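Asker: Pasting the sequence and the predicted model now:
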Amino acid sequence: MSDTPIIPPSPYIIREFNDRGTLWLLEDPALLQEFLRILDASLAEDMDFSQAQRINRSFIAADLQKQESDLIYRVPYHSGESAVLVYVLLEQQTRTDNLMPFRLLSYCNELWSAQVREWKETRQPAESRRLYPVIPIVFYTGRERWDEGIALANLMDLPSPLRRFVPSWETLFLNLQETPPEMLTQFSSAIGWALRALQAERAPLEELERVLREAMAGIEGLSEEQVGQWKRCAWFLIQLVYHRRSSSETPGLMGLVRAEAKRSKFHDEREEIAMQSYAEYLNELGEARGEAMGEIKGERRMVVRLGTAQFGSPDASILVKLESIQSLEILEEIGLRIVKAKSWDEVLSDL
């Protein structure tokens, strides 16, 4: 068993948990490789993530409170013959961004400009100056459909003869809400099962309980050498239910994860004590969390009142969906939608 401690994220409510939590997972290069494997298995195999080096342009601290939402690693390709930059950009916003290809081009230019500056500062010989290729990965957790491809040409009224003058590249894209669960879990990796649980964050309680049990069973297939990945995934699941579910559900859901962890072959008494203490600490923060959630609950009540005035009382399925939303920003957006929409279904169609 590894003695490396897993520092859990902050106990304070994080509205951007989807991207903060995922980036916390991907700080482990082994999990980043498994993430890439979901998108392109052969490419992931061609890269040596055991020698990956973090590019510290936007470090994401363990408390997940930083505002950056990207992650960059320099990874040797083909046993050190060359290197590549793996750039992960997380999109947590509820709506798609048609400027994404322009943003990616700008970000890649920043990375290459940093290389050029380094060459000049170190007086690197001209003949050895080679830019790193960049593999851009966009991980989208929003619920609005993202139908248009990520291509710069899509931002232009472009006659065919002019297409050859437009920069083009391939972007690896994972749309969490539209990815089949079996694609996430096909390799029985810790990151795949963590993302499967994140995918089910708004599911009815019984369904989420089932997914959490499946996730804990799924990561039992990891090897003894992957115990650090198991720990990180288990901690992520505890944090997920705390940050994304109602305060009435979290004690039971955290207890479920802890019980499954205790039955695991990876069970470690010290880890169990740490998890139990942390879960108790979170439960003791109930009043503080109530204050943090009070604004969200108030906004949810306002949404129900506005919608009832416009469309009539919401049915049980609408109330369940609204109750699952723990983001003040999303609730505020729903309130704005109600003014223009014609029904509850129209307001919540992409949520």
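Answerer: Received it, and whenever you're ready, just let me know what you need.
Asker: just to confirm, which helix or strand has residue 143 in it?
Answerer: Following DSSP states H and E, there is no helix or strand that holds residue 143.
Asker: Helices of the protein, residue ranges please.
Answerer: Here the chain has its helices, by DSSP state H, at 17-26, 29-39, 41-45, 100-122, 181-185, 190-199, 205-218, 227-244, 250-262, 269-284, 286-311, 316-324, 328-340, 344-347.
Asker: longest strand in this protein, by residue count?
Answerer: strand 82-91 (DSSP state E).
Asker: what packs against that one?
Answerer: Counting contacts by 3 or more C-beta pairs under 8 Å, 6 or more residues apart in numbering; DSSP states H and E, strand 82-91 is packed against helix 17-26, helix 29-39, strand 70-77, helix 100-122, strand 134-140. Yep, even glycine has a C-beta here, placed from its N, CA and C like the rest.
Asker: Grab the CA positions of it and hand them over as CSV.
Answerer: What follows is strand 82-91, C-alpha atoms only, in CSV (Å, rounded to 0.1, in the frame of the first residue of the first chain):
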residue,chain,number,x,y,z
SER,A,82,10.3,14.0,-28.7
ALA,A,83,7.8,15.6,-26.4
VAL,A,84,4.2,16.9,-26.7
LEU,A,85,2.1,19.3,-24.6
VAL,A,86,-1.2,17.9,-23.4
TYR,A,87,-3.5,20.8,-22.8
VAL,A,88,-6.8,20.1,-21.0
LEU,A,89,-9.5,22.8,-21.0
LEU,A,90,-12.6,22.3,-18.9
GLU,A,91,-15.8,24.0,-19.9
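Asker: what's it in contact with?
Answerer: 18-19, 22-23, 26, 32, 35-36, 47, 52, 55, 69-77, 97, 100, 103-104, 107-108, 111, 130, 132-142 (C-beta atoms under 8 Å, 6 or more residues apart in numbering).
Asker: correct me, but residue 261 touches residue 274?
Answerer: No: between residue 261 and residue 274 there is no contact under C-beta atoms under 8 Å: 10.6 Å.
Asker: Those two: who's more crowded?
Answerer: Per other C-beta atoms under 10 Å, whichever of residue 261 and residue 274 has more neighbours is residue 261, with 24 against 16.
Asker: Now do the same contact list for that one.
Answerer: Each residue near residue 261 by C-beta under 8 Å, 6+ apart is listed here: 216, 234, 267, 271, 272, 275.
Asker: rank the helices of the chain by mean pLDDT and give me the bottom one.
Answerer: Lowest mean pLDDT within these: helix 269-284, at a mean of 68.
Asker: This completes my enquiry, with thanks.
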